[in-house]
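Visitor: Give the three-dimensional model of this entry:
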Amino acid sequence: MQKFAIELKLYDEDNEEKAVYRQSFIPFRLLKEAFKLQKWIQELQDPQNIDPEVVDNLGDFVVAFFGNKFTRDELMDGAELDEVMTVITQIVSKIDNPNLNPPPM
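Guide: Numbers count the residues shown, from 1 in each chain. This next block holds a predicted model:
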């Protein structure tokens, strides 16, 4: 049985792939932050209302999701915008549609 995995790549200053991070589950601890995440994503829908603090919060959430294996600055400097937004979208999608009856292992 294939587990879902969320992946993020970080790049170096030459745009070469430096590291790849994968997380195959969403830690329950992040659920509380995920509710905030949905609010932050709504704020991003209106570019005139984007608060730099929201971007920092999203960055911190992604860093925490991947187990603090890199810093917010490393994320901000080394991750591609579309890839970060894909990670966030995948997390929100998984939280919005949990498998309440997982199959027995």
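Visitor: And stretch 79-87, what's buried?
Guide: Under the neighbour-count criterion of 16 or more other Cβ atoms under 10 Å, stretch 79-87 has 79, 84, 87 buried. Heads up, the C-betas are built off the backbone N, CA and C, glycines and all.
Visitor: need the contact list for the first one.
Guide: For residue 79, the residues meeting the contact criterion (Cβ atoms under 8 Å, 6 or more residues apart in numbering) are 8, 9, 10, 11, 62.
Visitor: Among those residues, which ones are in helices?
Guide: Filtering the contacts of residue 79 for membership in helices, criterion DSSP state H, returns residue 62.
Visitor: Columns pLDDT and neighbour count on top of the contacts of residue 79, output as JSON lines?
Guide: Converted to JSON lines, those look like this (pLDDT from 0 to 100; neighbours: other Cβ atoms under 10 Å):
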{"residue": "8", "pLDDT": "98", "neighbour count": "23"}
{"residue": "9", "pLDDT": "98", "neighbour count": "13"}
{"residue": "10", "pLDDT": "98", "neighbour count": "19"}
{"residue": "11", "pLDDT": "98", "neighbour count": "15"}
{"residue": "62", "pLDDT": "95", "neighbour count": "23"}
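Visitor: Could you export the contacts of residue 79 as JSON lines, including distance to residue 31?
Guide: As requested, the contacts of residue 79 are exported to JSON lines (distance: Cβ to Cβ, whole Å):
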{"residue": "8", "distance to residue 31": "20"}
{"residue": "9", "distance to residue 31": "26"}
{"residue": "10", "distance to residue 31": "25"}
{"residue": "11", "distance to residue 31": "30"}
{"residue": "62", "distance to residue 31": "15"}
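Visitor: And the contacts of residue 79, which two are furthest apart?
Guide: Comparing every pair within these by Cβ to Cβ identifies 11 and 62 as the most remote, at 15.1 Å.
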